[in-house]
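> below is the structure, and that's it, no one-letter string:
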């Protein structure tokens, strides 16, 4: 666990900077754009994110899945071919994407809630730079260059936030499109510079038949992966568009405000799981015993880090929304409260879903994400119809409860997986504390909500710090796990 904690700590440093800059950027955007303009900004980001998901075709994830083992063995030739294959796919898929956005700009604009056909080809530029950036970051991730990825996170946040704020300050509502494009270009420039500095150029030549085979290998993984992601993560990314069609542009602004905090305050965990945890589970995917141990270790660390922050954020939500945005965004408070409770199930289920992605067949991962996507659509529609705007937060919680149950059932069929006793206790205690905080306002003790919530968050924080201190200072060395990981890596078979 010490090595996992160390990598998470390194990546957390960059995430803290990202969170702070994100808060500054959100404040400026909210004050200058107001809920309707902020909602439009959210729609633009959703269109770019969904289009990037399709255009990227899982290339970056495929580089990690297929290249992490080769990189750890210093097999430069294999990684080099994968890199060339990734760029071959980029030019092919990027060209197709830009053509589709141009030819079908009118219907796509209406579907995305923008109603501005001329904007779609322009957003295609942001899509291309975002996909290129993801490929470059994916190569760094395959080499498990944690320090470089942390640097990337900081530099990307500084340039991205600076570009967005400057564009909106100069052009106000007309600056949202330059903000989206400028942020994508800044990310691409940063990841490219770090890639050249820490990895260098590929050792093989670009025009080789082996590179086409590598591209085909990435595409065979990326096709099913993208289909899986589209019905899972893709639905989440497209939710602002659905909210627009169900409610209004202002509602998109409220939803984006709540979701930005729900995603941002624990962004370091999302980063660590993708850039540290996923390469680890990919390396031991054929070693069930090591995989079970790694899942439980990662879940334990996630709960220790996330629970105090979730409870603390939940305690301060009524004050946080006006502080980060403005009082005009107060309808986002109730959405965020439900989302924070849902985060307990989200991070717990993601610990398992990364293992499913690394070990299981593409069809199994597709099934998992399909259920999650369908649950998102159904719960969102029902939540909005029954509860209005707060139903978006309730739907978030219900969806991740369903997703948690599905991922647990699937991993149990694949490997002899059980949660450790400490993981069960921590999850139960966190849910109990979050439920108490959420239900206090409905009782006669409503005035004590904030003190009780802060007390529970403080108690959880003291417990987590105590456990992490003893674990990191005197806990079991990670060498034993590294040996198991190496043994599992030698047995690795890429299953598509």
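All right, it came through fine. Keep in mind that what you see is a predicted model, and the values were worked out from it rather than measured. Numbering: from 1, shown residues only.
> how many other residues sit next to residue 250?
19 (other Cβ atoms under 10 Å). From N, CA and C alone the C-beta is placed, and that goes for glycine too.
> and the host helix or strand of it, how far out from the chain middle?
Element membership for residue 250, per DSSP states H and E: helix 249-264. Distance of helix 249-264 from its chain centroid, counting by Cα atoms, centre = their mean, to the nearest Å, is 15 Å.
> for it, name the packing helices and strands.
Applying 3 or more Cβ pairs under 8 Å, 6 or more residues apart in numbering; DSSP states H and E, one finds that helix 249-264 contacts helix 2-56, helix 233-246, helix 288-324, helix 332-359, helix 391-414.
> any idea which of these gets closest to residue 252?
The closest of the helices and strands packed on helix 249-264 to residue 252 is helix 2-56. By Cβ to Cβ, the value is 3.5 Å.
> just to revisit the earlier point, now the helices and strands packed on helix 249-264 as a markdown table including mean pLDDT, distance to residue 123 and mean neighbour count?
Output for the helices and strands packed on helix 249-264, formatted as a markdown table (pLDDT from 0 to 100; distance: least, Cβ to Cβ, whole Å; neighbours: other Cβ atoms under 10 Å):
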| stretch | mean pLDDT | distance to residue 123 | mean neighbour count |
| --- | --- | --- | --- |
| helix 2-56 | 75 | 6 | 20 |
| helix 233-246 | 83 | 13 | 20 |
| helix 288-324 | 89 | 26 | 21 |
| helix 332-359 | 90 | 25 | 24 |
| helix 391-414 | 93 | 25 | 21 |
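> buried ones in the helix holding residue 250?
By neighbour count on 16 or more other Cβ atoms under 10 Å, the buried set for helix 249-264 is 249-264.
> can you give me the mean pLDDT across stretch 429-445?
For stretch 429-445, mean pLDDT rounds to 90.
> hmm, who's touching it?
Stretch 429-445 has contacts (Cβ atoms under 8 Å, 6 or more residues apart in numbering) with 303, 307, 310-311, 314-315, 337-338, 340-341, 344, 446, 448-449, 452-453, 456, 460.
> hmm, residue 324 and residue 23 touching each other?
Yes. The pair residue 23 and residue 324 qualifies as a contact (Cβ atoms under 8 Å) at a distance of 5.6 Å.
> quick one: secondary structure of the residue of the chain most remote from its centre?
Most distant from the centre of the chain: residue 444, at 38.5 Å, with distances by Cα atoms, centre = their mean. Following DSSP: H, G, I helix; E, B strand; the rest coil, we place residue 444 in the coil state.
> ok, residue 192 - how many residues close by?
Neighbour number of residue 192 under other Cβ under 10 Å is 15.
> so what's it up against?
Contacts of residue 192 (Cβ under 8 Å, 6+ apart): 132-133, 136.
> residue 43 too?
Going by Cβ under 8 Å, 6+ apart, the list of residues near residue 43 reads 112-114, 240-241, 244, 249, 252.
> may I see the buried residues of the helix or strand containing residue 186?
Element membership for residue 186, per DSSP H and E: helix 176-198. The neighbour-count check on helix 176-198 (16+ other Cβ under 10 Å) flags 176-191, 194-195, 198 as buried.
> and for stretch 442-456?
Buried residues in stretch 442-456 (16+ other Cβ under 10 Å): 449, 453-454, 456.
> next one: stretch 390-408 to chain centre, how far?
Distance, centroid of stretch 390-408 to centroid of chain: 16 Å (Cα atoms, centre = their mean).
> mind checking the SS state of residue 116?
Look at residue 116: counting by three-state DSSP, its state is coil.
> picking up where we left off before, nearest to residue 215, of the buried residues of helix 249-264?
Nearest member of these to residue 215, counting by Cβ to Cβ, is residue 263, at 32.0 Å.
> distance of the closest one relative to residue 183?
From residue 263 over to residue 183 the distance is 16 Å, taken as Cβ to Cβ, to the nearest Å.
> next: residue 174.
From residue 174 over to residue 183 (counting by Cβ to Cβ), the distance is 16 Å.
> for residue 334, same thing?
29 Å.
> could you do residue 298 as well?
Distance check for residue 298 against residue 183: by Cβ to Cβ, it reads 30 Å.
> check residue 370 too.
31 Å.
> and what of residue 303?
Taken as Cβ to Cβ, the span from residue 303 to residue 183 is 32 Å.
> and if you look at residue 152?
From residue 152 to residue 183 the distance is 14 Å (Cβ to Cβ).
> for stretch 396-415, the distance to its chain's centre please.
On Cα atoms, centre = their mean, the centre of stretch 396-415 falls 18 Å from that of its chain.
> ok, residue 49 touching residue 239?
No. In this structure, residue 49 is not within contact of residue 239 by Cβ under 8 Å, at 10.5 Å.
> show me what contacts residue 142?
63-64, 67-68, 71, 79, 82, 279.
> go again using 6 Å as the cut-off
63-64, 67-68, 71 (Cβ atoms under 6 Å, 6 or more residues apart in numbering).
> pLDDT score for it?
Reported pLDDT for residue 142: 86.
> now it: how far from residue 278?
From residue 142 over to residue 278 (counting by Cβ to Cβ), the distance is 10 Å.
> distance-wise, check residue 179 relative to residue 49.
On the measure of Cβ to Cβ, residue 179 and residue 49 end up 14 Å apart.
> residue 377 too?
Applying Cβ to Cβ to residue 377 and residue 49 gives a distance of 17 Å.
> and residue 247, its phi and psi?
phi -120, psi -100 (degrees, to the nearest 10).
> use 90 as the first number from now on
Sure thing, new numbering starts at 90, so read that last one as residue 336.
> just give the number of residues close to it.
Count around residue 336 with other Cβ under 10 Å applied: 18.
> contacting residues around it?
Contacts of residue 336 by Cβ under 6 Å, 6+ apart: none found.
> measure it to residue 481 for me?
Residue 336 is 9 Å from residue 481, by Cβ to Cβ.
> residue 237 too?
Distance from residue 237 to residue 481, by Cβ to Cβ: 37 Å.
> and for residue 260?
If you go by Cβ to Cβ, the gap between residue 260 and residue 481 works out to 30 Å.
> and residue 537, how far from residue 525?
Note on residue 537: its distance to residue 525, by Cβ to Cβ, is 11 Å.
> picking up where we left off before, and the furthest pair within the buried residues of stretch 531-545?
Longest span within these, Cβ to Cβ: 538 and 545, 10.9 Å.
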